[in-house]
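Undergrad: give me coordinates for this.
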Amino acid sequence: MIHPEVQKLETDALVSMYELDTTPIGGTLIYRFTAMPRGSAPIAFNGNVYEPIDIEVDGFNWDGQGAFPRPRIRISNVAGLVTGAIVTMGDIIGARFKRIRTFARHLDDGADPDPDAVFPAEIYTVDQRTKHTKVFVEWQLAAYIDQIGVMIPRRQCLRDTCSHTYRTYNSDTSSFDYAGVTCPYTGSAKFTEAGTSTGNAALDSCGRRVVDCRKRFGDNAVLPTRAFPGVARVRT
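TA: Numbers count the residues shown, from 1 in each chain. Model prediction:
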């Protein structure tokens, strides 16, 4: 059990490992990687090997109240590690992403190997590719449990969040990439995720709110949002 060790005044180094499972979208591979621990050597845990790559993650924190977190992951694309998966599996939207955390001593070659000494696994679904440059690829994740909901038909009812896939800016071609995009917006006006007007195409990102839709299509237009503003939670 990992809980007693968490209570200690001094603990071992915390190690984060990640799994990208493509089987939910018809793939056959599970990519396992970690963020360059102990130099550049792979690590092993519970019999699985996790390759070191340049990866950044943020947005995992959740206090148990409000909406589920929507983390972002950025994976180095210098060696073309993820390009093949993007091309063959449509941006890997729908793939399952898992974060596994334990202390270094519990790794397979650690001082006290223990595959059961882990924090609860955090499972997400790849929801949208938000950036793609020659340096890195960034995706936004959605909590896996948040994907299980009312479907009309086969669509999740989200009151405040549009599920369209928005365009991304490709710095290599200096143009917007519309491959796999479902949002019909192709206008020249650009806004940041916070809704602020910008002239920088690389910062163009939709906040997925109704107000963001209005900024792009107009206050009096029929909005193509996939959100359900009229949905309310019913308590019984």
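
Undergrad: quick one, helices of the chain?
TA: 3-6, 83-88, 210-217 (DSSP state H).

Undergrad: which one of those helices has the lowest average pLDDT?
TA: Per-segment mean pLDDT for those reaches its minimum on helix 3-6, at a mean of 52.

Undergrad: so where's the protein uncertain?
TA: 1-11, 36-39, 62-68, 78-90, 144-158, 230-236 (pLDDT under 70).

Undergrad: let's check: the centremost residue of this protein is which one?
TA: In the chain, the centroid-proximal residue (Cα atoms, centre = their mean) is residue 141; its distance is 2.6 Å.

Undergrad: which parts of the chain belong to which domain?
TA: 1-148, 149-230 (automatic domain parsing).

Undergrad: next, count neighbours for the closest residue to the residue nearest to the centre of the chain other than its chain neighbours.
TA: Among residues not flanking residue 141 along the chain, residue 124 sits closest, at 3.8 Å (Cβ to Cβ, 6 or more residues apart in numbering). C-beta coordinates here come from the backbone N, C-alpha and C atoms, glycine included. By other Cβ atoms under 10 Å, 25 other residues sit near residue 124.

Undergrad: now do the contacts for the closest residue in space to residue 174 that isn't next to it in sequence.
TA: Nearest residue to residue 174 in three dimensions, chain neighbours excluded: residue 201, at 8.0 Å (Cβ to Cβ, 6+ apart). Applying Cβ atoms under 8 Å, 6 or more residues apart in numbering to residue 201 gives the contacts 169, 174, 176, 190.

Undergrad: which ones are touching the third one?
TA: Applying Cβ under 8 Å, 6+ apart, we find residue 176 in contact with 167, 168, 169, 170, 186, 201, 204.

Undergrad: hey, what's it bridged with?
TA: residue 169 (DSSP bridges).

Undergrad: what helices or strands is the lengthiest strand in the chain leaning on?
TA: Scanning the chain for the longest strand, with DSSP state E as the assignment, gives strand 122-132. Contacts defined by 3 or more Cβ pairs under 8 Å, 6 or more residues apart in numbering; DSSP states H and E place strand 122-132 against strand 96-103, strand 136-143, strand 168-170.

Undergrad: sheet partners, orientation included, of it?
TA: Here, using DSSP bridges, strand 122-132 pairs with strand 96-103 (antiparallel), strand 136-143 (antiparallel).

Undergrad: may I see these organised as a markdown table, with distance to residue 54 added?
TA: Formatted as a markdown table, these follow (distance: least, Cβ to Cβ, whole Å):
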| stretch | distance to residue 54 |
| --- | --- |
| strand 96-103 | 16 |
| strand 136-143 | 8 |
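
Undergrad: check the contacts of residue 201 and tell me the two furthest apart.
TA: 174 and 190 (13.7 Å; Cβ to Cβ).
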